[in-house]
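Asker: need a 3D model of the following:
(5 chains, ligands or ions: 4)
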Amino acid sequence: MTTTAPPPTRSAPLPVARQRHYGRWVVVVVLVAVGGFVTFSLVTNPRFGWPVVFEWFTSERILSGLLNTLELTLISMVIGVVLGGVVGIMRLSTNPVIAGASWAFVWFFRGTPVFVQLLFWGSISALYPVIVLGVPFGPSFAEFSANDLITPFAAAILGLGLNEAAYMAEIVRAGVRSVDEGQREAAAALGMGRARIMWRVVLPQAMPVLIPPTGNELIGLLKTTSMVAVLAFPELLYSAQLIYAVNYQTIPLLITASLWYLIVTSVLSIGQYVLERHYGRSFSARVSRKKTAAMIGHAA
Amino acid sequence: MTTTAPPPTRSAPLPVARQRHYGRWVVVVVLVAVGGFVTFSLVTNPRFGWPVVFEWFTSERILSGLLNTLELTLISMVIGVVLGGVVGIMRLSTNPVIAGASWAFVWFFRGTPVFVQLLFWGSISALYPVIVLGVPFGPSFAEFSANDLITPFAAAILGLGLNEAAYMAEIVRAGVRSVDEGQREAAAALGMGRARIMWRVVLPQAMPVLIPPTGNELIGLLKTTSMVAVLAFPELLYSAQLIYAVNYQTIPLLITASLWYLIVTSVLSIGQYVLERHYGRSFSARVSRKKTAAMIGHAA
Amino acid sequence: MSTTTTTTTTARAVSGPMVDVREVRKHFGHIEVLKSVDLAVQPGEVCCLLGRSGSGKSTLLRCINQLESIDAGEIFVAGERIGYEEKRGKLHPLSDRAVARQRRSIGMVFQRFNLFSHMTALDNIIESPTGVLRTSRSTAKARALELLDRVGLADRADHYPRQLSGGQQQRVAIARALAMDPAVMLFDEPTSALDPELVGDVLGVMRDLAADGMTMVVVTHEIGFAREVADTVVFLDGGEVVERGAASEVLTAPEHASTQAFLSRVLREEA
Amino acid sequence: MSTTTTTTTTARAVSGPMVDVREVRKHFGHIEVLKSVDLAVQPGEVCCLLGRSGSGKSTLLRCINQLESIDAGEIFVAGERIGYEEKRGKLHPLSDRAVARQRRSIGMVFQRFNLFSHMTALDNIIESPTGVLRTSRSTAKARALELLDRVGLADRADHYPRQLSGGQQQRVAIARALAMDPAVMLFDEPTSALDPELVGDVLGVMRDLAADGMTMVVVTHEIGFAREVADTVVFLDGGEVVERGAASEVLTAPEHASTQAFLSRVLREEA
Amino acid sequence: QGDSDEPAPAGSAATDLTAMLPDDVVDRGYITVAGDASYPPIGFMDDDGTTMVGLDADIAKAIGEALGIELRKENASFDSIIPGIQGGKYDAGMSWINDTEERRAIVDFIDYSQDGSSMFGLASLAEKPASLEELCGRSVAVQKGTAQQTDVETASTACEEAGDPAVDLQVYPDQTAANLAVKSERAEVSIADMPVAAWQVSETDGEFELFGEPYGEVMHGVAVLKGSELAEPIARALEQIMEDGTYESILDEWGMSDAAIDAPLINGEPLS
Ligand SMILES: Nc1ncnc2c1ncn2[C@@H]1O[C@H](COP(=O)(O)OP(=O)(O)OP(=O)(O)O)[C@@H](O)[C@H]1O
Ligand SMILES: Nc1ncnc2c1ncn2[C@@H]1O[C@H](COP(=O)(O)OP(=O)(O)OP(=O)(O)O)[C@@H](O)[C@H]1O
Ligand SMILES: [Mg+2]
Ligand SMILES: [Mg+2]
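Answerer: Ligands and ions are numbered 1, 2, ... in the order given. I've put the predicted structure just below:
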């Protein structure tokens, strides 16, 4: 900064001209053009087969596939959250065997493709034709045929749920560790027990850290359910595939399924957003720092 | 606490007995038993076909599949990180069109199954036989056959890379937002430009928040590459499938592929751990609070 | 502000010291942080722990409350051995449950308040009485409101911690500790994270508490407060007690060199 | 500690005030935070801004440095209009680049230090000179070491922020701002996040800086410092300047009621 | 047994054959038969999305009636059928499965039809290959694990030995992906079992066309676990429906009389 002439003495303020961000507007124009072109092409290109899409969109087969997808997603997610929570908390244990078992669980299930896991559960009868309930290397209480016990649906749930649990375990671990040690100490100093501290103090405060990745997981799981096609379980995508295997309307049916996925994901995202905001509001010190300052300032 | 008799006056300290955690040991015994049983069964059950696993483990077809998987993963991840970074930063723009475009990108690519995206890129010529380079609704400069431009490999890369970019965008967004506003302000107050602030101040500090989910993404992507089977591209899992489709050694070959996945995931996890520790060490105030206190204490 | 409605926190009937720390040692890694520390605090006594940063003041408080385990020595609170029980002539470490039970009669106030950020001031206070002592919600609530009134925050019951200033948060934290009806209160630099403007209110509450006869161990840098409220003062340096005595004597005429240096340094800053 | 080796920061040759704030207004949402504030700081002058929490002190500093935009009024630093340029009789908002350029001659020190946590003390200091001013690395390094020496931290060049105490971090932050050779330094409560023990060192550095003739605007609660170092004192209350004048006069005999209340409150705490 | 010249009354014949079935199967009351539902007209899903229909389903039904027991068709991806039989998940597999030497290591086949493979592709393709020999240098999409995959691999080797360019072989996870590759011109030709190819050509309004003549007649069979006690009764049931004309009329109905065989075989051998 050069030290120029003294600033003009008090005078009428100069008019202010509007600011122009040329570079930015170029980006905007390009984005709008691309967006417009994509939309235009989607609508006008006959190869997308919109009439076929609309014909199938609310057909019974697609809707029942959708229902199966939702059901699978929901049940697997519940298993994932519950089991993942247990495994994630075990991982923080000071006992090396417990922490190690948790580590091994996560290592194995994150390290192998879901596809293989599903196939494994689906063909468990090829490996263990009979499942024996009992003490390892000890007496057995009951025997089941693997095929009776593990139906395709059970295999799907097991495969997806266990896999999800491994991912959720990592999320829970990170979430629990994100809560300030001081919170735990304060709770301990008040005479709370370990379980109580976890449930009443740590987990609720880990929520803001838990929700976004859990939301992502849920959305991911929704789409991973399409893997159960390998078990011939007709969820949304596989239903569409079975249809186009016969009528050869491949692209319109893939679009039909994708539209449903987009809709469900959008709904889930909105839910996630609402939850995030809810927890964000009562927790985040960062966002509301200034507002808080205002409150304190005016209350003082 | 009842106020009992006064504490004994100074005397020789009593001997200390060892502590026993019975409940914990039950858990440990169960875990060890289950672990032992699983290992035992893995080794002794002939249906796992270990000889076949070893025969194929280092076969040329499996190794070339592995190489394809690694190549796909690497290239898609690079695309994902770069594009995701751009999209993630765009999302934080104050310009609604730019932020909106970024939102739409993420919404679309996270909302539809990768499988469909891959099929779409693979059969793009069924939708757009000719790709025209030019201004939308304006003059065109060059025309290409879609199939020449988008080879199966290119389709795989596009499908996986764009999808990954959508996920990375969310991660980058969260990472950038995790860096204290004060850092940005301090950099701005020193006269740094926007790009410089992002590169030199914000991104390096976002690393601890970026690395764990990016590591997860990389491991996830490694396994998602198996989806490119639908483009007849023989990566690791599909190679194994092609082999067992002929020789019916389904389970041994799935184990072969899974072992490779486990190995690669383990290597990646170790890399992630090292990186996390590296960044953790120079950043995390939490972990090293006490050590710091010690330093200050002794230096003061 | 400080309306002393009820005087529930009087010294308990204990013969002998309320807090009795005997030859306690503690090390982290290779560093010996406490080197055979002795400390006795009588019922109703206010004891201020002074000492420069890193001298082991916080560690000592944390040992009393079993947030850290000790390597050697014994600690008694209200006549009860802390952390161990005697059975057949041997010391057995207490179970987690028993440790939690012992902690209930020791109130602790932290430098960084550590209010549960997802609960209102009221919920912070009643969480432990209802959840741990199984007090009925209505009883706990009535008592909590009384305590809030006592720390001058009767109108802030429904505020979340982030809606309170640091000083207000710290006062809620004190109320929270008092709600468990502790035999002794430990304070770890309760005002050093506060803006200067807000320090006074917190010290005021502590002053009232002392006047009501609460046994208190206070780590602080506020020499003014120590001079006015403390009965005894203990100086720690490098994990050892270098000086101890009546507050009036030690603070005006310190004998040990490091105490003198510390006091002159702190007082200079306050000028 | 403070070895004043070179005296590079002398008042610049500016005729008229170094900082000239004219009728500046600023609101957040519906709250008017600055209500037509005027402030003139002459070259070499040390001006202390006092006022209770929420009175708008930080906002005023941030407006001078363009971390906040202003709604009305004008600001000049070293004779140059801040945030706008005059072209053909109209005011055009400056581009991001030009704003960045203007900020280079305004040093700012924050309450929470804001050192770049991934860089050593030395790297924190040379980052901007090398990256923005394109000074050679060796020149920047030599100068940085000189500045570190000046703030008494010559032996801490390779330490990361987390390895430094708050007071040390703040001194590095001052050195970092000085490395850009600013025409004026703004301080926003530079000592209020520090342990009392560590306040002295930072105030010492600021004292030296003032003695060297640096133009300074300091928001602080340290009345002792203001009394000793400030040339002028300005009281803000509710976004308005309620009192201003020579430090000696205003601090001993405040005229306005809110100033009196503020001073008596702060001084009582310090006793 | 059940070997008489005149068609026996359905009831009594059923009783005869039922007696041949293992007791546990009779007690259970049904036999599970896996088939791939993405393989029209052999096997596909009815409009309700849950019932498997097609040629195989009809034949299975007729066999079931002859045996006096229900044959339950279950959907399974093609490459999981034989592993499923291995694991006891399914009792049998019917999905126009080629009776090959490799497969006989694991399962027994009760052969019930015979046909060749057909090449097909877009009707707009410029040079249409008429035989495997003309595939050198062309791109071909096949489903993984099929006999056609092996055929093309052999042909490709032959091309290279003759100094011609190899076949660009693309192996897709299922026939629909292979079809899509042809449709999007990634591959010029696909090869599938003749009825499947013919069905696709007829269903797509002239977009696709059969190229050349079908080649390489092979047997298709019902797969059961090696040494299974089900092989004999199923073969006898097939024999019966072949003799009473049911078999013929089913093939006619699906326009596939060409694939008919005279008498069932087990692993290529006539029944004793
Ligand atoms: N970004 C913002 N958004 C909304 N309100 C704000 C913002 N920044 C400041 N305020 C409000 O403006 C008022 C003045 O704030 P400012 O930080 O300038 O006060 P201050 O005098 O520096 O107080 P303190 O001593 O607490 O730092 C306060 O009421 C504050 O809540
Ligand atoms: N968990 C721990 N691991 C390692 N070192 C520790 C730990 N806790 C404390 N220390 C060390 O023990 C010593 C005493 O720490 P302590 O916190 O008790 O000091 P203090 O007197 O409370 O200091 P301050 O005034 O800074 O709070 C310091 O050197 C500290 O670094
Ligand atoms: Mg301490
Ligand atoms: Mg401020």
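Asker: show me the helices in the chain, by range?
Answerer: Since you didn't name a chain, this refers to chain A. Assigned by DSSP state H, the helices in chain A fall at A:22-44, A:50-57, A:60-91, A:96-111, A:114-122, A:124-127, A:146-149, A:152-178, A:181-189, A:194-196, A:203-224, A:236-247, A:250-283, A:289-299.
Asker: actually it's chain E I care about, not the one you picked
Answerer: E:10-20, E:23-28, E:55-67, E:81-86, E:101-104, E:147-161, E:175-183, E:194-203, E:231-243, E:246-253.
Asker: would you mind pulling the contact partners of stretch E:200-217?
Answerer: Outside stretch E:200-217, the residues within contact range by C-beta atoms under 8 Å, 6 or more residues apart in numbering or on different chains are A:247-248, E:40, E:114-123, E:125, E:128-132, E:147, E:151, E:179, E:182-183, E:189, E:192, E:194, E:197-198. The C-beta positions use only the backbone N, C-alpha and C, and glycine is treated the same way.
Asker: pull out the buried members of those.
Answerer: Applying a neighbour-count criterion of 16 or more other C-beta atoms under 10 Å in any protein chain shown, the buried members of the contacts of stretch E:200-217 are A:248, E:40, E:114-115, E:117-122, E:125, E:128-129, E:132, E:147, E:151, E:179, E:182-183, E:189, E:192, E:194, E:197-198.
Asker: for the nearest residue to E:Asp47 once chain neighbours are set aside, what are its contacts?
Answerer: Sequence neighbours aside, A:Arg61 is the residue nearest to E:Asp47 in space, at 7.6 Å (criterion: C-beta to C-beta, 6 or more residues apart in numbering or on different chains). Counting by C-beta under 8 Å, 6+ apart, A:Arg61 touches A:Pro234, A:Ser239, A:Leu242, A:Ile243, E:Met45, E:Asp47, E:Asp48, E:Gly49.
Asker: where does residue 99 land on pLDDT?
Answerer: Picked chain A for this. The confidence metric pLDDT takes the value 90 at A:Ala99.
Asker: hmm, no, I was thinking of chain C.
Answerer: 92.
Asker: which helix or which strand is home to it?
Answerer: In the assignment (DSSP states H and E), C:Val99 maps to helix C:96-103.
Asker: relative to the whole chain's centre, how far out is the following helix or strand past that helix?
Answerer: Using DSSP H and E, the helix or strand that directly follows helix C:96-103 along the chain is strand C:106-109. With C-alpha atoms, centre = their mean, to the nearest Å as the basis, strand C:106-109 stands 5 Å off its chain's centre.
Asker: does chain B have contacts with the following helix or strand past strand C:106-109?
Answerer: Downstream of strand C:106-109, the first helix or strand assigned by DSSP H and E is helix C:121-131. No. Helix C:121-131 stays clear of chain B (C-beta under 8 Å from any C-beta of the partner chain), getting no nearer than 14.8 Å.
Asker: kindly write the ChimeraX command that selects the buried subset of the contacts of A:Arg61.
Answerer: In ChimeraX, this line selects whichever of the contacts of A:Arg61 come out buried by 16+ other C-beta under 10 Å:
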select /A:234,239,242,243 /E:45,49
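Asker: ok, the contacts of A:Arg61 vs chain D, which is closest?
Answerer: A:Ser239 (50.8 Å; C-beta to the nearest C-beta).
Asker: with that, I have no additional questions.
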